[in-house]
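> After the sequence you'll find the predicted model.
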Amino acid sequence: MTPAAPPTAEPSVPPAPAASAPARVLRRLGAPLRYARRRPRRALLVAAVGLLFTAAAAGVGTWVWFDHHLAVARREVAAGHNAAAHPHLEACRGLYPDHPEVLVLAARVARRSGVTDEAELLLARHPRGDADDAVVLER
């Protein structure tokens, strides 16, 4: 049996001083920059995927917003509430100024409100013109 080696005393290392709260915050805020410097290709890929996701979310959000306003405008026009439908149609026209259904509904609201000149201008902007039955009916 071999004698056991005497335990070696590890050098006593004093613990590192705790970083202050602002220093920890700054270190965490700088972590993405340090990551990008260490792995530039991966950081570029993560940024590209993030931008793609943001663009897709913005597109879907815009579509949902437009669809909501158009649905409310349809409901209000069908109920005969022209004043209530007008702001929703304006919101739709702000996003898609030449959307055929929005133009017909806005012309209908304008005609019902007594602004026939604006109704004619809106119908003149319709992409299909007099070939669309809704435009012919509205005139």
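Cool, got the structure. Because the structure is predicted, anything quoted here is derived from the model rather than measured.

> Please give the element, helix or strand, for P14.
Using DSSP states H and E, P14 falls within no helix or strand.

> Below-threshold pLDDT in this structure: ranges please.
Residues of the chain meeting the criterion pLDDT under 70: 1-11, 16-17, 126-139.

> Spell out for me which residue occupies the centre of it.
Centrality entry for the chain: nearest residue to the mean C-alpha point is A58, 2.7 Å, by C-alpha atoms, centre = their mean.

> Now the helix or strand containing it: buried residues?
Following DSSP H and E, the helix or strand that holds A58 is helix 40-79. Neighbour-count burial for helix 40-79 flags 66, 69-70, 72-73, 76-77 (criterion: 16 or more other C-beta atoms under 10 Å). C-betas here are computed from N, CA, C, even on glycine.

> Could you name the helices and strands sitting against it?
Helices and strands touching helix 40-79, as assessed by 3 or more C-beta pairs under 8 Å, 6 or more residues apart in numbering; DSSP states H and E, comprise helix 31-38, helix 82-95, helix 100-112.

> List the buried residues for the first one?
Within helix 31-38, no residue qualifies as buried by neighbour count (16+ other C-beta under 10 Å).

> Could you check the angle that helix makes with helix 40-79?
Our comparison of helix 31-38 with helix 40-79, counting by axes from the mean of the first three to the mean of the last three C-alpha atoms, to 10 degrees, yields an angle of 130 degrees.
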